[in-house]
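In: Give me a 3D structure for the following:
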Amino acid sequence: MAEPEQASTAKPFTFWLLSGLCAALALASLGCLFIFYSSGDSEKLRAISTGQHLLIDPKTGTIDGNMRASEPVPEPEATAEETVTTPDDEPPAFDIGTAQDADPTQEIQSDNPIDDFVASDDEVANAIPAYPRTNASLNAAPNPELTETTQSGSLPKAGAAGTPMRYYGRPFTPTLNKPVIAIVITHLGASKTATEQALKLPLDVTLAFNPYAEYTPLWLEGARNLGHESWLMLPVEPEGFPANDPGPLSLLQAASEAQNKQRLHQVMQKAAGFAGLVLPPDQTLTDNKAARDLLLEEAKERGIALLLSEKPLGLAANAFAEAGDHALTAQVMLDAVPTSDAITKQLALLEATAREKGFALGVSLGYPAGITAIDAWVKKLDAAQFQLAPATALMGRK
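Out: Got it, this is the predicted structure:
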């Protein structure tokens, strides 16, 4: 009678042992899946394969996809459990979660034309062409008399030599009773192809460079050596924010004055010799009085220009109109629809505006189609009716 009792005892023991092993394997599998997905690898693969979205790695806060950081980020030597930190005065490159309290796992669709012009690895590998100084070159930069040296870098300032806007701008002599037209090509520096194309435009065409692009200091210097008046783009809060996020240097309505001032200075420290700052067409920052006043006060005190790519509404329009000696507003967006027919119609509108007002300023988003159309238009421009001018030549005109 003892043997049956032993068998009955062994059976449940074996059953529970096997059940425990199965449960342990299941838990281990779930743990592996959790680690895999929390690391963001699947998100990275999707970003690389599609190239259409900005995707945030939940673990490190970095982004893969179309956008690139302004400086290469080395591979961290930290282990999986360690976190990689950056200096307090330098925000992580494109860490969109830093700009606002957004969900770090959020997938962000970017409508920013900068994204279309991120340099490929092959382009980055090629050296930036050399543009030596010639008789056509603009005043050398930086001028020590127009430079404020700070612990974090150099900033433009008004001084004995005048203002950076005038000193670094392109000289211009207006012709009596002839309408003046200025064109600014924006978002340059991130694409070697588009930037080289823009540099071949007539010298009175103004160029504006992306502060996030790695080679912007070199491109801007080269443009000025050729004789082009050059500006910097200013990342600010756009429509659709935070889903449409302009990056870690962006000035925001909800940010404190100290934060916005620091970011403004960081942008101005990206290159030397720029005449002013260009705000993108979809910006909403100037709706905020404190942010708007900060921009206008800094521009006036430092002697740099501000350009709104699109006319603001309400109180913002009045404020910028009153600051006409160092603020401009574009009348025509040339290539918001980047097709040949649409751009041709906008260029015709630019001419009509110049006839009516005596001057007109058009802004291009830097699309290749826009640059090509503008180049063809300039070559056919009737010099007897219009005069092409750098953007700073329109300062003070209303």
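In: Which parts of this structure are strands?
Out: Under the criterion DSSP state E, the chain carries strands at the ranges 54-56, 63-65, 107-108, 147-149, 154-156, 180-188, 206-209, 230-233, 276-279, 305-308, 327-329, 332-333, 359-364, 387-389.
In: Which one of these lies nearest to Glu196?
Out: With CB to CB, the closest approach to Glu196 among the strands of the chain belongs to strand 180-188: 9.6 Å. Every residue, glycine included, has its C-beta placed from N, CA and C.
In: For that closest one, name the packing helices and strands.
Out: Applying 3 or more CB pairs under 8 Å, 6 or more residues apart in numbering; DSSP states H and E, one finds that strand 180-188 contacts helix 192-199, strand 206-209, strand 230-233, helix 340-357, strand 359-364, helix 368-380, strand 387-389.
In: Could you report the neighbour count for Phe241?
Out: Neighbours of Phe241 under the rule other CB atoms under 10 Å: 21.
In: My read is that it contacts Leu285, right?
Out: No: using CB atoms under 8 Å, Phe241 is not in contact with Leu285; the gap is 9.5 Å.
In: anything in contact with each of the two?
Out: Shared contacts of Phe241 and Leu285 (CB atoms under 8 Å, 6 or more residues apart in numbering): Leu252.
In: Where does pLDDT dip in the stretch 101-250 of the chain?
Out: Within the stretch 101-250 of the chain, the segments meeting pLDDT under 70 span 101-127.
In: Check the separation of the first and last residues in stretch 301-320.
Out: 15 Å (CA to CA, to the nearest Å).
In: Check stretch 248-255 too.
Out: Termini of stretch 248-255 sit 12 Å apart (CA to CA).
In: How much space separates the nearest residue to His265 once chain neighbours are set aside from Ser250?
Out: Nearest residue to His265 in three dimensions, chain neighbours excluded: Leu155, at 5.9 Å (CB to CB, 6 or more residues apart in numbering). Distance of Leu155 to Ser250, computed by CB to CB, to the nearest Å: 19 Å.
In: Over to Lys311?
Out: Taken as CB to CB, the span from Lys311 to Ser250 is 21 Å.
In: of the two, who's got more company?
Out: Ser250 (22 against 13).
In: show me what contacts the residue nearest to Ala336 when sequence neighbours are not counted?
Out: Among residues not flanking Ala336 along the chain, Leu365 sits closest, at 6.9 Å (CB to CB, 6+ apart). Residues counted as contacts of Leu365 (CB under 8 Å, 6+ apart) are Pro113, Thr186, His187, Pro281, Met333, Leu334, Asp335, Ala336, Pro338.
In: ok, those residues vs Ile374, which is closest?
Out: Using CB to CB, those come closest to Ile374 at Leu334, 6.9 Å.
In: contacting residues for the closest one?
Out: Ile183, Ile343, Gln346, Leu347, Leu350, Gly362, Val363, Ser364, Leu365, Gly370, Ala373, Ile374.
In: What segments of the chain are helices?
Out: For the chain, applying DSSP state H gives helices covering 2-38, 41-50, 96-99, 121-125, 164-168, 192-199, 216-226, 257-268, 289-302, 314-322, 340-357, 368-380.
In: where's Ala360 relative to Asp293, distance?
Out: Distance from Ala360 to Asp293, by CB to CB: 28 Å.
In: Among those two, which residue is more densely surrounded?
Out: Ala360 (24 against 13).
In: Test my guess that the more buried one contacts Leu328.
Out: No: counting by CB under 8 Å, Ala360 stays clear of Leu328, with 11.3 Å between them.
In: And for Ala342, nearest residue in space, chain neighbours not counted?
Out: Nearest non-adjacent residue to Ala342 (CB to CB, 6+ apart): Asp335, at 7.5 Å.
In: ok, now Gly303?
Out: Gly303's closest residue in space is Thr163 (CB to CB, 6+ apart), at 2.8 Å.
In: picking that back up, with the contacts of Leu365 in mind, which one is nearest to Lys379?
Out: Leu334 (15.8 Å).
In: Tell me the spacing between that closest one and Leu251.
Out: 25 Å.
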